[in-house]
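# Next comes the sequence, and after it the predicted model I'd like to discuss.
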Amino acid sequence: MSSAPFTLNNWWNSQDIHKGPPDRSLYTRCLGHPPRSRSSGILLLPITCSRLPPRSQSSTAKAYGSYKELVADPNIDIIYVATPHSHHYQNARLCLEAGKHVLCEKAFTVNAEQAKILINIAREKTLFLMEAVWTRFFPIAKEVREVVKSGKIGEVKRVFADLSFSNDVENEFGTSHRMVNLDLAGGALLDLGIYSLTWLFQILYHIVPESQRGPPIVASAITKYVATGCDEMTSIILTFPPNGAHGIATTNIRVSHDPNPTHPSPAPIRIQASDVKRRTPGNFEYQTITHEIPGGGHGMFWEADECGRCIRDGKLESEGMGWEESVAIMRVMDEVRRQGDLKYPECLESVEFPLDGF
Ligand SMILES: NC(=O)C1=CN([C@@H]2O[C@H](COP(=O)(O)OP(=O)(O)OC[C@H]3O[C@@H](n4cnc5c(N)ncnc54)[C@H](OP(=O)(O)O)[C@@H]3O)[C@@H](O)[C@H]2O)C=CC1
Ligand SMILES: O=C1OC[C@@H](O)[C@H](O)[C@H]1O
């Protein structure tokens, strides 16, 4: 392989244009960060784009006027779809139909049917497509998968995962913010619950030999945000084949037990026996592993590098976040919504394309 980096002309998400000076934006800190620092061999040339003119005068971002214009630009290799969940199917499909590789934010789509259609189009058109679950590509996530797969900690019978934020829901989100707005497929499940689910799936599904994997049985509960009817708290118990392991995934936008400076929450209470010791199962030795994010980045470049590597190597899907698994996770979320009677407007659940208004 030549030592010259593989170069991708990439469209970074529109959101950054509107969120502060470009030198401090997520895009600059992530994709714009020199790949040398992480020896990826991938050079991503981001074009920040929006349908609106950039807010900052100094921005090098480009406004296309419409996504149709954007997808017609022959200089663009891959498009990162980072619009609200409601728009992923329509936006990602537009890009795929126009022959662009796609990295599509989580939740991949509103439902599993939409995800399957995007995947079929990518397959037919030999295009790369991946759900942007960035945490999958953190070195620490990879390492955890490897440790569990190695058998060093024995058989995993139960996994707990939570991602919750302590938002002042009424004041921060009101009724129209994408986090709570049903017209934008808002709610905790699709926005944050996907991260809890991904931990369950990484351990109890992803690393299980394909012949033994299967869809988990779903039991769940949803509490709705009264003002809009979206889910503000969702808890899921999954029973996975082949051995009946339980995965418990929780998510909440109002109450978190994990304080975070950007989402301050009241101090959590933990009740625990006093003689808790770190116990190390099997031949696994307790260790602390730290992976710094190079250059003060935000860590999104690991997933972006994966897109670059896959496209360079002619792969349509990533082993780290494969198509079949994205659909399996979407199916779980469909079932959770069915059990909790959480419905989005019909046009958002539709697989019709194109639809007016997107
Ligand atoms: N991986 C991560 O850490 C994060 C992932 N996300 C994901 O990214 C996606 C976008 O989230 P976020 O950036 O907060 O969203 P924003 O509300 O900031 O919207 C992003 C862009 O989407 C378009 N958009 C917004 N609202 C509408 C609307 N009502 N109709 C049509 N287009 C709209 C706009 O594009 P335009 O300028 O072209 O009009 C906007 O700039 C979500 O899928 C979310 O889950 C979000 C935050 C962090
Ligand atoms: O993916 C995400 O991570 C960070 C959150 O602030 C955001 O709501 C969510 O979309």
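All right, it came through fine. Ligands and ions are numbered 1, 2, ... in the order given.

# Contacts only, for the spatially most central residue of the chain.
In the chain, the centroid-proximal residue (CA atoms, centre = their mean) is V133; its distance is 2.8 Å. Residues near V133 by CB atoms under 8 Å, 6 or more residues apart in numbering: K106, I194, Y195, T198, E303, M321. The C-beta positions use only the backbone N, C-alpha and C, and glycine is treated the same way.

# one more time with 6 Å, if that's ok
Taking CB atoms under 6 Å, 6 or more residues apart in numbering, we find V133 in contact with K106, T198, M321.

# can you pull out the strands in the stretch 101-250 of the chain?
101-105, 129-132, 158-164, 217-224, 231-240, 245-252 (DSSP state E, counting those that start in this stretch).

# how much does the fifth one deviate in direction from strand 217-224?
Okay, so that is strand 231-240. Relative orientation of strand 231-240 and strand 217-224, computed by axes from the mean of the first three to the mean of the last three CA atoms, to 10 degrees: 170 degrees.

# Next, count neighbours for the closest residue to A107 other than its chain neighbours.
Once flanking residues are discounted, A107 sits nearest to L190: 4.0 Å by CB to CB, 6 or more residues apart in numbering. Look at L190: counted by other CB atoms under 10 Å, it has 30 neighbours.

# tell me the pLDDT at L190?
We have a pLDDT of 98 for L190.

# my guess is it contacts H88, does it?
No: contact criterion CB atoms under 6 Å: L190 and H88 do not qualify, at 9.7 Å.

# mind listing what C104 touches?
So C104 contacts V81, H88, A92, E131 (CB under 6 Å, 6+ apart).

# so the third one, which of the three states?
When states are read from DSSP: H, G, I helix; E, B strand; the rest coil, the local structure at A92 comes out as helix.

# Burial check on T290, number of neighbours?
By other CB under 10 Å, the residues close to T290 number 5.

# typed the wrong thing, it's P242
P242 has 11 nearby residues by other CB under 10 Å.

# Model confidence at the closest residue to it other than its chain neighbours, what's the number?
Spatial nearest neighbour of P242, excluding adjacent residues (CB to CB, 6+ apart): Q212 at 4.3 Å. Q212 carries a pLDDT value of 95.

# Q212 contacts N243, doesn't it?
No: Q212 is not in contact with N243 according to CB under 6 Å; the separation is 8.7 Å.

# Show me the longest helix that occurs in the chain.
Longest among the helix segments of the chain by residue count, using DSSP state H, is helix 323-339.

# Torsion angles phi and psi at the residue of the stretch 151-300 of the chain found nearest ligand 1?
Nearest to ligand 1, among the residues of the stretch 151-300 of the chain, is R178, at 4.6 Å (CB to the nearest ligand atom). The phi/psi pair for R178 (degrees, to the nearest 10) reads phi -60, psi -20.

# Would you check how far apart P216 and W134 are?
To W134, P216 is 23 Å away according to CB to CB, to the nearest Å.

# okay, those two: which has more neighbours?
Applying other CB under 10 Å to P216 and W134 shows that P216 carries more neighbours, namely 26 against 21.
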